[in-house]
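> sharing a sequence plus its predicted fold:
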Amino acid sequence: MTTNFAFTIKSLRFDEHYNPSENTRITTNFANLARGDKRQENLRNALVMINNRFNSLAQWDNPEGNRYSVVIDIISAELNIEAEGNANAFPVIEVLKTTIVDHKTNAHIEGIVGNNFSSYVRDYDFSVVLPEHNKGQAEFRIPERFGELHGQIFKHFVDSEAYKANFSKPPVICLSVSNKNTYHRTTNHHPVLGAEYQQDAPSLTDRYFAKMGLKVRYFMPANSVAPLAFYFSGDLLADYTNLELISTISTMETFQKIYRPEIYNANSPAGKRYQPSLTQQDYSLTRIVYDREERSRLAIEQGKFTEAHFIKPYQTVLEQWSATAVL
């Protein structure tokens, strides 16, 4: 049996007129904003927050604080599986690509690809595989080979001809810190990323992303109140310019302020020893409408959708490919 795997990349502009495509996970950050009566207001306010944050970090030669704006494209990757003469495509990865517009020079500067990370297979792993594996167990356990298929899919995507034809640098994913871990501020300070934090032990997300070939560092930028987790494959500090890093910070910190205001819109900044909490009450809300409980419920539905339409139909070929693929 011959099985071929190939990726197709599609791009959709994220602006105030954005409507999620039918393949977009409806729980993903940007798609969740584009729902309901306040959808256009949500999108417009989020974009204003991103641009304001970018200019606050890119202060040099920017006296009025309006030199730059950020253009965001949603990058969707479909995995095309051709097995036994049948070909089908499944949406496996969705990330964001930033472009920086310099209104002083009229230049369009390439930003970072990655930023947000959305994956149906990750929904399946965390919302279906993990709960079923731990059902009736007194102690939480991680299944054998947990996340390996997802890791292989991501690594092959980054190594694919489709990725290389569209993007010049490896992705950087920027996520929230774990509310189950404790972080300690170090003496290391980057001019853009800010103060570096380290944690006592890797989180489940860290281990999951490690199987994608990504390592992690934690930084709290200037005027932020909590560190962000940056997942990358090369040298985070050397491989990307200051403007590229700022585009990721401004984009993802904005989303985190909306979705995790208890951590990223708290009224007091993280100290030298920091334990994130989703139950603390000293925080401010943005004007953007968001339903976190609905998002959690939909993640389970999307995990089951992935199981029915991707994992089970191609289980044999996927397991063989994951076990033998080498990168």
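Arrived safely. Numbers count the residues shown, from 1 in each chain.
> could you use CA atoms for every contact and neighbour count after this?
OK.
> contact partners for residue 9?
Contacts for residue 9 (C-alpha atoms under 8 Å, 6 or more residues apart in numbering) come out as 75, 76, 77, 78, 162, 163.
> need phi/psi at residue 11.
In terms of degrees, to the nearest 10, the main-chain angles of residue 11 are phi -130, psi 140.
> next: residue 100.
Recorded main-chain torsions at residue 100 are phi -100, psi 130, according to degrees, to the nearest 10.
> any idea how far it is from residue 71?
Remark: distance between residue 100 and residue 71 (C-alpha to C-alpha, to the nearest Å) = 6 Å.
> and for residue 128?
35 Å.
> hang on, the earlier thing: mind listing which of the contacts of residue 9 are in strands?
Filtering the contacts of residue 9 for membership in strands, criterion DSSP state E, returns 75, 76, 77, 78.
> quickly find the element holding the closest residue to residue 244 other than its chain neighbours.
Counting by C-alpha to C-alpha, 6 or more residues apart in numbering, residue 244 lies nearest to residue 111, which is 4.7 Å off, once chain neighbours are set aside. Secondary structure assignment for residue 111, by DSSP states H and E: strand 107-118.
> got the contact list for the next helix or strand after that strand?
As assigned by DSSP H and E, the chain's next helix or strand after strand 107-118 is helix 120-124. When contacts are defined by C-alpha under 8 Å, 6+ apart, helix 120-124 is touched by residues 25, 91-93, 147, 150, 299-300, 302-304, 306-307.
> so which of these is the closest to residue 255?
The shortest approach to residue 255 among these belongs to residue 25, at 15.9 Å (C-alpha to C-alpha).
> show me the helices in the stretch 151-300 of the chain, by range?
161-166, 204-210, 242-259, 261-264, 292-306 (DSSP state H, counting those that start in this stretch).
> check the stretch 1-150 of the chain too.
29-33, 39-57, 120-124, 130-133, 148-158.
> can you put those in a markdown table and add distance to residue 174, mean neighbour count and mean pLDDT?
Formatted as a markdown table, the helices of the stretch 1-150 of the chain follow (distance: least, C-alpha to C-alpha, whole Å; neighbours: other C-alpha atoms under 10 Å; pLDDT from 0 to 100):
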| stretch | distance to residue 174 | mean neighbour count | mean pLDDT |
| --- | --- | --- | --- |
| helix 29-33 | 12 | 22 | 61 |
| helix 39-57 | 14 | 20 | 92 |
| helix 120-124 | 16 | 24 | 90 |
| helix 130-133 | 23 | 14 | 89 |
| helix 148-158 | 16 | 20 | 93 |
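> tabulate those in TSV, adding columns for distance to residue 193.
Formatted as TSV, the helices of the stretch 1-150 of the chain follow (distance: least, C-alpha to C-alpha, whole Å):
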stretch	distance to residue 193
helix 29-33	22
helix 39-57	10
helix 120-124	27
helix 130-133	33
helix 148-158	24
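> returning to that earlier point: now the buried members of the contacts of residue 9.
Among the contacts of residue 9, the ones that count as buried by 16 or more other C-alpha atoms under 10 Å are 75, 76, 77, 78, 163.
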